[in-house]
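Enquirer: Predicted model, plus sequence, below.
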Amino acid sequence: MHSLPEIKSIGFVGIGIMGQSMAGHLLAAGYHVNVFNRTKSKTDALVAKGATWFDTPGALAASSDLIITMVGFPSDVEEVYFGENGIIQSAKNAILIDMTTSSPSLARKIADLANKKGLAALDAPVSGGDIGARDAKLTIMVGGDKEVFDHVLPVLQKLGTSIVLQGEVGMGQHTKMCNQIVIASTIMGVAEGLSYAKKVGLDPALVLQSIGGGAASGFQLNVLGAKMIVGDYAPGFYVEHFIKDLKIALQEAEQMQLALPGLALAKSLFEKMAAKGLQRNGTQGIFQIYLD
């Protein structure tokens, strides 16, 4: 690895629900922020605040000391890193951080190719959704070299509050799988508890008052459960992205011969949602499956 660059310019690829807020925090912190997004109009607000637009991930990478990617699917990650006009081909003595939830094997592939070019790479998926991104309170799970982690920590601290180096490259993604596995069964339980309340004739909002402060309390119940009750299925995190995560987690578990029946059931229910055309709902939309 070459000497790590002083971080003055940050490239941000993927200006979606999360990336919009995250790139905004970096701008506000005084970094020069370069942006790329497939739909250019989504970057307009950031450009108006001083960000610089680039036509390709590669052009962005060539002008950035640190490149952060926050895209949708592993195929998108592969395209922006390995494709024509991609990041690895064009970056120069830069640090690469993929914050997309993706597969641990893809994180290792990015790091291997990056290292061969004298670049440093970390995988750093996040949890906290649109609210965590907006409030700069994301949980960031990092895999990679400690020296690189320490170097970029001041940048990550502009985005999140819980930032933990979990181990070597790929371990950030494995940690995110743990997160998604817990959420999958938890949100299923919230939907089941509230559908039971509705069926028996209780007022779900009153039920939430009682159980929201007890042993069942937590974000999935108190925040997303409250949205279920009023029929607010707007996405903080898209169901189609959650299905992608659950598939990765299930594949990893199967490779380890680890049975996770809750995860398998949750995946089937979210796939049922997608089959009904509800894949762009938030994950709290699972409640609709129980109302059928």
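Expert: Right, received. Where do you want to start?
Enquirer: C-alpha from now on. contacts and neighbour counts both.
Expert: OK.
Enquirer: then the one helix or strand in the chain whose mean pLDDT sits lowest to PDB, C-alphas only?
Expert: Taking mean pLDDT, DSSP states H and E as the measure, the helix or strand of the chain with the lowest value is helix 129-134, at a mean of 91. Included here for helix 129-134 are C-alpha records, laid out as PDB according to Å, rounded to 0.1, in the frame of the first residue of the first chain:
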ATOM      1  CA  GLY A 129     -32.000   4.000   7.400                       C
ATOM      2  CA  ASP A 130     -33.000   7.500   6.100                       C
ATOM      3  CA  ILE A 131     -33.400   8.800   9.700                       C
ATOM      4  CA  GLY A 132     -30.000   7.800  10.700                       C
ATOM      5  CA  ALA A 133     -28.500   9.200   7.600                       C
ATOM      6  CA  ARG A 134     -30.400  12.500   8.000                       C
END
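Enquirer: Would you indicate which residues of that helix are buried?
Expert: Residues Gly129, Asp130, Ile131, Gly132, Ala133, Arg134 are the ones in helix 129-134 that count as buried (16 or more other Cα atoms under 10 Å).
Enquirer: what does stretch 73-84 give?
Expert: Of all the residues in stretch 73-84, those buried under the rule 16+ other Cα under 10 Å are Phe73, Pro74, Asp76, Val77, Val80, Tyr81, Phe82.
Enquirer: Over to stretch 55-65?
Expert: Using 16+ other Cα under 10 Å as the test for burial, stretch 55-65 gives Thr56, Pro57, Gly58, Ala59, Leu60, Ala61, Ala62, Ser63, Ser64, Asp65.
Enquirer: The least confident helix or strand of the chain - contacts with which helices or strands?
Expert: Helices and strands touching helix 129-134, by 3 or more Cα pairs under 8 Å, 6 or more residues apart in numbering; DSSP states H and E, are helix 17-28, strand 138-143.
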